[in-house]
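*Asks:* Got a predicted model here, sequence first, then my questions.
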Amino acid sequence: MTTIDFKAQAEAMRPELIARRRDFHMHPELAFEEIRTAGIVAQELSALGLEVQSGVGKTGVVAMLEGNQDGPTVLVRADMDALPIVEENQVVYASQTPGKMHACGHDGHTTIALGVAKLLSQNRDKIVGRVKFVFQPAEEIVGGAKAMIADGVLHDPRPDVSLGLHLWNSMPLGTLGVGDGPVMAGSSVFTLKITGKGGHAAAPHQSIDPVVCAAQMITAFQTIVSRNKDPLDNTVISVTWLRAGTAFNVIPQDVELRGTLRFFKLEVRALVERRMNEIASGIAVAMGCTADLTVEHNVLPVKNDPTVTERVRAVFRDYVGDAGLDTAERTMGAEDVGLFMDDIPGTYFFLGAAVPHQEAYYGLHHPKFDFDENALPLGVALLSAAIGDYVLKD
């Protein structure tokens, strides 16, 4: 337990935090291209006296803040990559790199984690244990966490708890999403190739049309959601890509579908995959085609450990009160931080950051996405306090 005034210390950093976030926003870098961002992160952490390792998981950075006594190891994770989006915001800090944009708040996440490192390093003499800062690349292509884990980020030392946050511009400033169990979905990607018999569009009876077969499958897949799984178990099946044909008067030889599955439970994922195989093969046989379905499991659900989360909520009550704690906020969006948290108990919370007085809402991955920069000092204070509850003493 500590009596450090995290809110006041974080508030004193406000100009620095806003300037740092805007610099990151103006210079976005895509997955595994975060050379500039990672360089700034490593330089800032080294200047604070932390032990820094670069090139972890290709372009990731890991830094250790050691206390004077042995104690728990807290992992703090922030993602750094941007998206291939043309920004439409008319702001002074708009992206200066055509076709690239921080449209998911990672510029804010990196800024907050650097602020936490600075705040806690100023209280290094009170740390019992250590804080392991993980600045991760390539979250948007769900490859960065895998790469860092492969490079041993969860060892030497192994963390006891994992903490992190996501800026959430659908919730107002001062509201926090801190639910137990799965709060973000797992994600899988599927590819389905349907093969028929090509021919002239004017003589469909001489062909086996894979387009009609594909249409039947796309519709039938939704019966898995409505008729096969428990209505209380959330899942999404979205076909988002279809390739078929080269001319209006030619029935193609084959069709390829791609899409995503989202789920909170692994048993639901298994059910969906089994039923998709059964439906695809059954419809293909009925219509004279063949079907080949492959499913790649990329991301696990982000599951908040109930014990850790209740401890974090107790800390957060001092900042936002009971009214500011939303325990029901969940999303079918995915986040590869779930790979860290599958192995390490932890809490990943949503930090309300709705843009005040905005005429229309622009959510994650939108060309006009933005967030309230007042969330930056609040995020630093909250995350520092949650970490401090584990490793700081007076």
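*Replies:* In hand now; what should we look at? Numbering: from 1, shown residues only.

*Asks:* which residues of the stretch 201-350 of the chain score low on pLDDT?
*Replies:* Judged against pLDDT under 70, the stretch 201-350 of the chain has no low-scoring part.

*Asks:* show me where it has strands.
*Replies:* For the stretch 201-350 of the chain, the strands defined by DSSP state E, counting those that start in this stretch occupy 235-244, 250-251, 254-263, 290-299, 302-304, 325-326, 331-334, 346-352.

*Asks:* export these to a markdown table and tack on mean neighbour count?
*Replies:* For glycine as for every other residue, the C-beta is placed from the backbone atoms N, C-alpha and C. Conversion of those to a markdown table gives the following (neighbours: other CB atoms under 10 Å):
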| stretch | mean neighbour count |
| --- | --- |
| strand 235-244 | 15 |
| strand 250-251 | 18 |
| strand 254-263 | 21 |
| strand 290-299 | 16 |
| strand 302-304 | 25 |
| strand 325-326 | 19 |
| strand 331-334 | 18 |
| strand 346-352 | 26 |
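
*Asks:* Nearest to Ala8 among those strands would be which one?
*Replies:* Closest to Ala8 of the strands of the stretch 201-350 of the chain is strand 346-352 (CB to CB; 18.7 Å).

*Asks:* partner strands of that closest one, parallel or antiparallel?
*Replies:* strand 161-168 (parallel), strand 176-177 (antiparallel) (DSSP bridges).

*Asks:* Tell me the gap between it and the middle of its chain.
*Replies:* 11 Å (CA atoms, centre = their mean, to the nearest Å).

*Asks:* List of residues touching stretch 381-389?
*Replies:* With contact meaning CB atoms under 8 Å, 6 or more residues apart in numbering, stretch 381-389 is reached by 1-2, 4, 6-7, 9-11, 74, 76, 112-113, 116, 119-120, 123, 131, 163-165, 176, 311-312, 315-316, 318-319, 347, 349, 351.

*Asks:* filter the residues you listed to the buried ones?
*Replies:* Applying 16 or more other CB atoms under 10 Å to the contacts of stretch 381-389, the neighbour count classes 2, 4, 6-7, 9-10, 74, 76, 112-113, 116, 119-120, 123, 131, 163-165, 176, 311-312, 315-316, 319, 347, 349, 351 as buried.

*Asks:* before we move on, the earlier item: dump the strands paired with strand 346-352 to JSON lines, plus mean pLDDT.
*Replies:* Formatted as JSON lines, the strands paired with strand 346-352 follow (pLDDT from 0 to 100):
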{"stretch": "strand 161-168", "mean pLDDT": "98"}
{"stretch": "strand 176-177", "mean pLDDT": "98"}
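
*Asks:* could those strands go into JSON lines alongside distance to Arg243?
*Replies:* Output for the strands paired with strand 346-352, formatted as JSON lines (distance: least, CB to CB, whole Å):
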{"stretch": "strand 161-168", "distance to Arg243": "33"}
{"stretch": "strand 176-177", "distance to Arg243": "38"}
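
*Asks:* which stretch among those comes nearest Arg330?
*Replies:* Taking CB to CB, strand 176-177 is the member of the strands paired with strand 346-352 nearest to Arg330, at 7.9 Å.

*Asks:* Tell me what angle the helix or strand that contains Leu378 forms with strand 161-168.
*Replies:* Assigned by DSSP states H and E, Leu378 belongs to helix 375-391. Here the directions of helix 375-391 and strand 161-168 differ by 170 degrees (axes from the mean of the first three to the mean of the last three CA atoms, to 10 degrees).
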